[in-house]
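S.K.: sequence plus predicted model, see below.
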Amino acid sequence: DKLNCLLQQTIFGIIFSVAVSSVLAKTITVIIAFKATNPRSRIRNWVGFTAPSFLIFLCSLVEGLICTTWLLISPPFPDYDIQTEPGKMILMCNEGSIVAFYSVIGYMGLLSAFSFIVAFLARRLPDSFNEAQLITFSMLVFCSVWVSFIPAY
């Protein structure tokens with residue numbers, strides 16, 4: 001159960017950072033595609049597979065480093081909760097360092113807020129291409145859920 005406890009929060013953080021950074025990369029790809037229509041534009045070099053892949057790798061690497069630091073300094077551990085239900089012991093996962101846990105969650109929030117801002121700024125693309133508007137809406141929903149998660153947790 002200790003391995004499960006160690007990996008539960010860290011894998012969650014890394015998977016979500018990959019997902020949110022993928023949305024960010026998609027949004028930036030859309031912006032680059034529309035800005036690169038000028039034949040002499042320097043931004044044309046960024047069109048293709050390189051920029052989105054690098055961005056996803058970089059954002060996920062930062063989350064991975066935060067999680068690795070958390071696991072090295074004060075990792076999560078199995079714990080018993082005897083106060084919630086009197087007479088029963090509930091096995092739960094203690095986060096270890098609360099600062100590290102909220103750093104993982106905070107980085108996801110920062111990444112999602114940045115994705116929302118970029119998508120919001122890209123919403124003025126031509127009407128025939130409404131993907132930026134859909135990304136803006138999905139990031140707004142994600143940020144709303146994330147903001148409501150923090151006090152609930």
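M.R.: It's in. Predicted model, so just to flag it, every value in this text is computed and none were measured.

S.K.: from here on, contacts and neighbour counts on C-alpha atoms
M.R.: OK.

S.K.: top helix in this structure by residue count?
M.R.: When the chain is parsed with DSSP state H, its longest helix is helix 2-35.

S.K.: immediately after it, which helix or strand?
M.R.: Per DSSP states H and E, the first helix or strand lying C-terminal to helix 2-35 is helix 50-73.

S.K.: what helices and strands are in contact with that following helix?
M.R.: Using 3 or more C-alpha pairs under 8 Å, 6 or more residues apart in numbering; DSSP states H and E, the elements in contact with helix 50-73 are helix 2-35, helix 98-121.

S.K.: so which of those gets nearest residue 139?
M.R.: helix 98-121 (5.1 Å; C-alpha to C-alpha).

S.K.: alpha carbons of the next helix or strand after the closest one, as PDB, please.
M.R.: Downstream of helix 98-121, the first helix or strand assigned by DSSP H and E is helix 131-152. What follows is helix 131-152, C-alpha atoms only, in PDB (Å, rounded to 0.1, in the frame of the first residue of the first chain):
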ATOM      1  CA  GLU A 131     -11.700  25.600 -32.100                       C
ATOM      2  CA  ALA A 132     -10.100  28.400 -30.100                       C
ATOM      3  CA  GLN A 133     -13.600  29.300 -28.700                       C
ATOM      4  CA  LEU A 134     -14.200  25.700 -27.700                       C
ATOM      5  CA  ILE A 135     -10.800  25.500 -26.000                       C
ATOM      6  CA  THR A 136     -11.600  28.800 -24.200                       C
ATOM      7  CA  PHE A 137     -14.800  27.300 -22.900                       C
ATOM      8  CA  SER A 138     -13.300  24.000 -21.800                       C
ATOM      9  CA  MET A 139     -10.400  25.800 -20.000                       C
ATOM     10  CA  LEU A 140     -13.000  28.000 -18.300                       C
ATOM     11  CA  VAL A 141     -14.800  25.000 -17.000                       C
ATOM     12  CA  PHE A 142     -11.600  23.300 -16.000                       C
ATOM     13  CA  CYS A 143     -10.400  26.400 -14.100                       C
ATOM     14  CA  SER A 144     -13.800  26.700 -12.400                       C
ATOM     15  CA  VAL A 145     -13.700  23.100 -11.200                       C
ATOM     16  CA  TRP A 146     -10.100  23.600 -10.100                       C
ATOM     17  CA  VAL A 147     -10.900  26.700  -8.100                       C
ATOM     18  CA  SER A 148     -13.800  24.900  -6.400                       C
ATOM     19  CA  PHE A 149     -11.700  21.900  -5.700                       C
ATOM     20  CA  ILE A 150      -9.100  23.800  -3.500                       C
ATOM     21  CA  PRO A 151     -11.500  24.800  -0.700                       C
ATOM     22  CA  ALA A 152     -13.400  21.500  -0.900                       C
END
